[in-house]
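Asker: Predicted model and sequence follow; I will ask about them next.
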Amino acid sequence: VQLVESGGGSVQAGGSLRLSCAASDYTFGQDCVGWFRQAPGKDREWVAGTYIDARSTYYADSVSGRFTVSQDNAKKTVYLQMDRLKPEDTGTYYCAADRGGGTCYLKDEFNLWGQGTQVTVS
């Protein structure tokens, strides 16, 4: 059972990236899936969260209007489309799942984490 992120890379400011979070031997069901990021020397911060079943999504103010979460249930994959990237978006991005479908925001509620993928914006 694991989540596997991919799609990170280096991009210039104003560019775009799409991250993927694929579930292996796991079905999201009624989970909340969250995206977090961590810059060097900083705490891991919440970026966005989506309730898979309800298809309702919430975003941090810092990314609202630039980032979009989508899902492909057949592929058991959740995506984070990141547009108009800024240098302050740089960090390691993680997806995580909360089977309990809690707040979809609090880091401690998420019990399955991916390994992370690096995003660098220059």
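Answerer: Okay, I see it. Given the structure is predicted, the values throughout are model-derived calculations rather than measurements. Numbering: from 1, shown residues only.
Asker: excluding its backbone neighbours, what's nearest residue 26?
Answerer: Using CB to CB, 6 or more residues apart in numbering and skipping the chain neighbours, the partner closest in space to residue 26 is residue 1 (4.8 Å). C-beta: built from backbone N, CA, C; applies to glycine.
Asker: Now do the one you found against residue 28, distance only.
Answerer: Remark: distance between residue 1 and residue 28 (CB to CB, to the nearest Å) = 12 Å.
Asker: Skipping adjacent residues, who's closest to residue 103 in space?
Answerer: residue 109 (6.1 Å).
Asker: That neighbour against residue 100, yeah?
Answerer: Yes: at 6.7 Å, residue 109 counts as touching residue 100 under the criterion of CB atoms under 8 Å.
Asker: neighbour-wise, which of the two wins?
Answerer: residue 109 (17 against 12; other CB atoms under 10 Å).
Asker: Need the pLDDT of the more buried one.
Answerer: Residue 109 is assigned a predicted lDDT (pLDDT) of 93.
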